[in-house]
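the amino acid sequence is not available; the structure is as follows:
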DNA sequence: CGCAGGTAGTCAGTGTACTGATCACCTGGC
DNA sequence: GCCAGGTGATCAGTACACTGACTACCTGCG
């Protein structure tokens, strides 16, 4: 009677993310989460991004981005500055601590990604990333079909 | 300076799940979430499962399973019965409403899965599911390395 | 200049998802 | 029969992730 969830891409995506979180906590950091790293990474080396732009870059809505930014800011990893030229925007900038943590974390993340994908052959790893990317891209254009006019 | 997240499997897994949730709300149900369906699906056609077993089947910890069960129970879709033979366990059973909803939702889910995977060729769809499954399985045995003695 | 419409941020509310602590209950050994 | 250790459920706390409502602010049109 029940359906076999191992043929359901949504279920597998959830399990995949779950496995990733587990490995992240073990090999990267238990303090800085993967979405937090995504924010640090987006802001790294730039000084003109606001929260909305960061959210767009990494695929998060405004509310969630604000929460994550607020945690990073509490930890002194980045600062929120009101844009003097546009009073609506919060410009985000890494602090020195934030830049150091970003570099350190980035190195661990790339090691972790290797372990995460290790059950697959190198060719298969590329195929997996490519197929996931194509679904995500297709869904993005489904979400905002404005580009084509 | 910043890393390219489109080569990070964890980031792609999050985006994939996000795309899935969007499509689920549009094509399956905005009331019943995917994890809620997973619980209904696990319980369907059985009468001897407790919360722990359901969580193990679908890959959820005890706390999250309890929360989801509690929401489904509030909506009258399943009942929690104390096992008379083991006072620790909550046996879960679908109500008639729950069984009807499960069947209806299952049909919509299988349609939705086709749409979700539509950007890929049929062969590629199988490859994607297989590669995701292999990572998840490998992570499961990493988590609980007891089976082999 | 002044206002209409759009935009960035925040807030409230809901729903996963986890850890760690606690309680109730069962089981096996004595 | 009792107690030590294990197990199922619950609770508190933290962190995503979304929608919808609201505020502050900018921009362009008249």
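Done, it's in. Everything quoted here is computed from the prediction, not taken from an experiment.

pLDDT score for residue A:142?
In this model, residue A:142 is scored at 70, pLDDT.

now the spatially most central residue of chain A: closest residue in space that isn't a chain neighbour?
Geometric centre of chain A, nearest residue: residue A:38, 3.7 Å, by C-alpha atoms, centre = their mean. In space, and not counting its chain neighbours, residue A:38 is closest to residue A:58: 4.3 Å by C-beta to C-beta, 6 or more residues apart in numbering or on different chains. Heads up, the C-betas are built off the backbone N, CA and C, glycines and all.

hang on, that neighbour packs against residue B:5?
Yes. Using C-beta atoms under 8 Å, residue A:58 is in contact with residue B:5, at 6.6 Å.

give me the common contacts of those two.
With contacts taken as C-beta atoms under 8 Å, 6 or more residues apart in numbering or on different chains, the residues that reach both residue A:58 and residue B:5 are A:38, A:41, B:11.

is it correct that the last one is in contact with residue A:39?
This means residue B:11. No. With contacts counted by C-beta under 8 Å, residue B:11 stays clear of residue A:39, the gap being 11.8 Å.

kindly report the residues of chain A close to DNA strand D.
Within reach of DNA strand D by C-beta under 7 Å from any atom of the strand, chain A has these residues: A:33, A:35-36, A:59-64, A:67-68, A:71, A:85-88.

look up phi and psi at the nearest residue to residue A:82 once chain neighbours are set aside.
Of all residues not flanking residue A:82 in the chain, residue A:90 sits nearest, at 6.5 Å (C-beta to C-beta, 6+ apart). Dihedral angles of residue A:90 (phi, psi; degrees, to the nearest 10) stand at phi -100, psi 110.

contacts for stretch A:75-92?
With C-beta under 8 Å, 6+ apart, stretch A:75-92 has contacts from A:39-40, A:43, A:47-52, A:54, A:69, A:72-73, A:93-95, A:97-98, A:101.

if I look at the residue of chain A found nearest DNA strand D, how far off is residue A:81?
Closest to DNA strand D within chain A is residue A:87: 2.7 Å, counting by C-beta to the nearest atom of the strand. From residue A:87 over to residue A:81 the distance is 12 Å, taken as C-beta to C-beta, to the nearest Å.

more neighbours, these two?
Using other C-beta atoms under 10 Å in any protein chain shown, the more surrounded residue of residue A:87 and residue A:81 is residue A:81, with 13 against 7.

run through the bridge partners of that one.
Under DSSP bridges, the beta-bridge partners of residue A:81 are residue A:91.

which residue is the nearest non-sequential neighbour of residue A:15?
Residue A:15 sits nearest to residue B:136 (C-beta to C-beta, 6+ apart), 4.4 Å away.

ok, now which ones touch the residue nearest to the centre of chain A?
Contact analysis of residue A:38 by C-beta under 8 Å, 6+ apart lists A:58, A:60, B:5, B:11.

which among these end up buried?
For these, a neighbour count by 16 or more other C-beta atoms under 10 Å in any protein chain shown gives the buried set as A:58, A:60, B:5, B:11.

which one of those residues sits closest to residue B:108?
residue A:60 (27.4 Å; C-beta to C-beta).

would you mind listing what in chain A touches DNA strand C?
Going by C-beta under 7 Å from any atom of the strand, the residues of chain A near DNA strand C are A:14, A:18, A:21-22, A:50-52, A:62-63, A:66, A:69-70, A:80, A:88-90.
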